[in-house]
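A.B. asks: Okay, sequence plus prediction incoming.
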Amino acid sequence: MSTIPAALTAATVLGGAGALAAPALPYKIRIPAVGVLTAAVGVAGAVAGAAALGGSRWTASLPGLLPLAGTHLAVDALAGLFMAVAGAVVAAVAVYGIGYAAGHGEHGIGSRTAQTALPLFALTLVLVPVAASVSTFLVLWELMALASLLLVLAEHRERASVWRAGVWYAVMTHLGLVLLLAAFAVFAAHAGAETFTALRAGAHDISPTLRGLVFVLAGLAFTSKAGAVPLHAWLPRAHPEAPSPVSALMSAAMVNLGIYGLVRTGLDLLGGGPAWWWLALMAVGGASAVYGILQAAMASDLKRLLAYSTSENMGLILIGVGASGLFGAYGDRRLAALALAAALLHVVNHAAFKALLFCAAGSVLRATGLRDLDRLGGLRSRMPFTAGLFAVAALGAVALPPGNGFISEWLLLQSLIHGLQVPGVAVAVVLPLSVALIALSAGIAAAAFVKAFGVGFSARPRSDAAAAAEESPPLMLVGMGLLAAACVALALVPGVLGTGLDRAVAATGLPGSGAVFGGGLRVRLADISAWLSPVWVVAALTAALMLAVGLPRLYGRRRRRVNAKLWDCGGGAPTPRMAYTATSFAEPLQRVFDDVLAPEQDLNVTPVRESAYLVERVRFQRRVPDRIEHRLYEPVLGALNRAGQAARRLAGGSVHLYLGYGFVGLVVLLLVLAVGW
Amino acid sequence: MSGSLYTQLLDLACGGFLLAAVIVLWRRELASIIRVFALQGVALAAIAVLLGAHEGRGDLVGVGLGVGILRAGLLPYLMRRALTVIDADRRRYSVAVTETRETQPLVNVAASLLTAALLTLLAYAAARPLTELHATPATRALPVGLAVVLIGFFVLVTRRRALAQVVGFLLLDNGITATALLATSGVPLIVELGVSFDVLLAVLVLQILTTRVREAFGTTDIDDLRELHD
């Protein structure tokens, strides 16, 4: 028995065992037992994925498992990449989750329901890429959505907002499922069968209009799952309200599967398409990247900030996938491979740093009970390890060297810049625009994460809860440490992924790009004279830092260090209220992007009764609402609501009326049949 | 049995079957509605026995006899028992006579009869492709089953008394059984057995429900139950 089926069987057995054990076990044993089983599911998934990236392939069909259609499974390198990412994230987050859930009481994440859903969610995250037929894929996809929905709702007793987030998530994920179902139904009907092999073979005989329809429907569903604008509204709700390990799993593993679906359907099954598909995809990606990170920069809720940052990173990945398709449409297959490799590498990088960021945010939340950056602060001294781990991940997220996000964004920029040699007006307009958008989002990302770290962890605590924070238990730190190690490894030696990444790209029919190779020490582009050596970048940065710190010490005048109070202009000692808050830090940026964000301000001045010139109280309120939501969702929801209210009159309560509906329906149907259209 | 005699007898049975459904619409007294329903059960049994005799299949004759016992005997007996309870109460407490009569159907009797004619026409029109497939006497009679299904549904929609509703439901089921018998020239014994048990259980449940509804609300007019809305 080769590695992949053995590992997948192990994952299924372990996940099933976890789901069965959770309701039966008492609270004390439940969390460690389920946590260990979930981590084992993750390890098994990662092993299977790594084996697939190493070049093995596996296909199987189990006709008896699903009625009518049967189950078809296949693992290639593309599936392997997403399985490996999901598995690794699951393993680390499960370890973290044991520590997180242990102190949380019997409700919430430690409850029977949540602990039953957790291993199932982990299992489906690993198994979705394995599906090789439409029905298998949709069943696993829906199982994943349901398991994650249960987990999002875990803390519904504690906050009313959880329930609302759950409703948004449930509705949007099921709308996505409907779109997906429609897309695959059209596709399978015209290709003649529903296995992926048959779809691949039949895709070229379908008319261009229908192919476009399939791509648009599937694209809407998958970008919604990936949290891209404009179908992102569930993400900044569900991710902050879910328990933190769940947020980490959703943000680092589940949204990736949207990208997987898009690559699988668009590039592999449909075999590429005309340029307008990919231009649309790049537009969606660009909008998500900039809008997501702008909202992240404005957010003062730490987990909301991270959720919007997920939207941004998915946008960047979509730009990469779109560019890959665009180059493919114009026939430049080597550049297409490079862009896809960059996008896939960013999937890996984003999973590593975003899982760590959400875990660190969860540690802060657990220690202080706060997600509001305006009331945090001073955690660096109270929670040194968490702060350090957050810093490592934030460095990855800001796309600057030596972070791991830098390498994939650099690759992406290289592929876009060199794409200008591809002919075509659209390319000449879109590519420079994309480069600018990526650069803009990278800049705002830096501001957002400086804000998150600086306001949240540095400075002085701005609330009692923050001042009394305590470092997380060791298991949480171990889980985060694993993720941080992954971040560092990806930043220093991304080359270890080289051949695996090439195989994943090749699985979509593109030639291997050789984008990342060179013994792990260098990133070199095969056809383009550009190379990057992350280790040297880190070494040079470290050397520069040493020089900057060391030289003044060596040659500067020796002075005795004096501990004294800061000169306060005679105004009294500075209080924590004078420090930058998240809101004040973001204020200049908000002014710059005033037209895009359209903040709402409220100023209430209450004068003293006797005099209009003496003010008793000033109340200032400013909110930055999600504008897309405001403009796009509210009219639709309002119309739906009105239609629902109108339809209430149909349900009068009389049994005869309800029976009458059935009778009239039957008679009309028979009449139509009798008349024969 | 000669071919023409069989055809005539089958047509007679089917005619009686349809006529019984129409009479259910016509009569107001619940006791006579139940009697007519029993007659329809006899007609249905006759259809099954005739089919069985014509094709020389003993099991079909058995099905026919079983259907006869259930639909002409057991089910009317159960409904009559529920009616006697209501009737006894009426005498004891001198409740208005309306409880045992379908006094005010939602569609009046004349219009109901006209509708029944239209529904029968519709059934014949809709079943035309089926009868054209294979023109035996049995399949030519097929629209009768469909018409009874529609009339049964119509009774469900327009009659107020709970017992009339039960009869409507049973008419619907009789129609389905007749359609199945005529279209496939006899369903397997086991299928018919299953269906019969279902119907029996449904009637038992509905009988209990009727009694409970009357105890709770003092009437069996289900149009008074209007709480089922949001």
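C.D. replies: Cool, the structure landed.
A.B. asks: ok, residues contacting the helix or strand encompassing A:L670?
C.D. replies: With elements taken from DSSP states H and E, the one containing A:L670 is helix A:655-675. Contact partners of helix A:655-675, identified using Cβ atoms under 8 Å, 6 or more residues apart in numbering or on different chains, comprise A:650-651, B:106, B:119, B:122-123, B:125-126, B:128, B:150, B:153-154, B:156-158, B:160, B:222-223, B:225, B:228. Placement of C-beta: from N, CA and C, glycine included.
A.B. asks: which residues does the residue nearest the centre of chain B contact?
C.D. replies: Ranked by distance to the mean C-alpha position of chain B (Cα atoms, centre = their mean), the top residue is B:L171 at 2.1 Å. Taking Cβ under 8 Å, 6+ apart, we find B:L171 in contact with B:A21, B:V24, B:F37, B:Q40, B:V148, B:V149, B:I151, B:G152, B:V155.
A.B. asks: Can you flag which of the residues you listed belong to helices?
C.D. replies: Within the contacts of B:L171, membership in helices is found for B:A21, B:V24, B:F37, B:Q40, B:V148, B:V149, B:I151, B:G152, B:V155, as judged by DSSP state H.
A.B. asks: Show me what the one helix or strand A:A504 maps to is packed against.
C.D. replies: Secondary structure assigned from DSSP H and E places A:A504 in helix A:498-506. Helices and strands in packing contact with helix A:498-506 are listed as helix A:27-53, helix A:77-102, helix A:333-368; criterion 3 or more Cβ pairs under 8 Å, 6 or more residues apart in numbering or on different chains; DSSP states H and E.
A.B. asks: Just give the number of residues close to B:Y124.
C.D. replies: Look at B:Y124: counted by other Cβ atoms under 10 Å in any protein chain shown, it has 16 neighbours.
A.B. asks: How far off centre is the helix holding A:L670?
C.D. replies: Relative to the mean C-alpha coordinate of its chain, helix A:655-675 is positioned 48 Å out (Cα atoms, centre = their mean, to the nearest Å).
A.B. asks: contact partners of stretch A:604-619?
C.D. replies: Under the contact criterion Cβ under 8 Å, 6+ apart, stretch A:604-619 has outside partners A:D602, A:L603, A:F620, A:Q621.
A.B. asks: from the contacts of helix A:655-675, which would you call buried?
C.D. replies: Neighbour-count burial (16 or more other Cβ atoms under 10 Å in any protein chain shown) applied to these gives B:119, B:122-123, B:125-126, B:150, B:153-154, B:156-158, B:160, B:222-223.
A.B. asks: that older thread, ok, and which of the contacts of stretch A:604-619 reach chain B?
C.D. replies: Taking Cβ under 8 Å from any Cβ of the partner chain, there is no overlap between the contacts of stretch A:604-619 and the neighbourhood of chain B.
A.B. asks: Could you export these as CSV, including secondary structure, neighbour count and pLDDT?
C.D. replies: Putting the contacts of stretch A:604-619 into CSV (DSSP: H, G, I helix; E, B strand; the rest coil; neighbours: other Cβ atoms under 10 Å in any protein chain shown; pLDDT from 0 to 100) gives the following:
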residue, secondary structure, neighbour count, pLDDT
A:D602, strand, 9, 87
A:L603, strand, 9, 88
A:F620, strand, 9, 83
A:Q621, strand, 9, 83
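A.B. asks: Does B:V61 belong to a helix, a strand or coil?
C.D. replies: Three states are possible here, and by DSSP: H, G, I helix; E, B strand; the rest coil the one that applies to B:V61 is helix.
A.B. asks: Now it: closest residue in space, sequence neighbours ignored.
C.D. replies: Taking Cβ to Cβ, 6 or more residues apart in numbering or on different chains, and ignoring the residues beside it in sequence, B:V61 has B:G52 as its nearest neighbour in space, at 3.8 Å.
A.B. asks: now A:T113
C.D. replies: Using Cβ to Cβ, 6+ apart and skipping the chain neighbours, the partner closest in space to A:T113 is A:L150 (5.9 Å).
A.B. asks: Quick one: list the elements packing against the helix or strand containing the one you found.
C.D. replies: When secondary structure is defined by DSSP H and E, A:L150 falls within helix A:134-152. If you count contacts as 3+ Cβ pairs under 8 Å, 6+ apart, helix A:134-152 packs onto strand A:71-75, helix A:112-127, helix A:160-191, helix A:244-249.
A.B. asks: Render the CA-only coordinates of the helix holding A:A504 in PDB, please.
C.D. replies: The C-alpha atoms that make up helix A:498-506 are tabulated as PDB, following Å, rounded to 0.1, in the frame of the first residue of the first chain:
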ATOM      1  CA  GLY A 498      10.600  24.100  -5.600                       C
ATOM      2  CA  THR A 499      10.000  20.800  -7.300                       C
ATOM      3  CA  GLY A 500       6.700  20.300  -5.500                       C
ATOM      4  CA  LEU A 501       5.500  23.700  -6.700                       C
ATOM      5  CA  ASP A 502       6.500  22.800 -10.200                       C
ATOM      6  CA  ARG A 503       4.600  19.600 -10.100                       C
ATOM      7  CA  ALA A 504       1.500  21.400  -8.800                       C
ATOM      8  CA  VAL A 505       1.700  23.900 -11.600                       C
ATOM      9  CA  ALA A 506       2.300  21.100 -14.100                       C
END
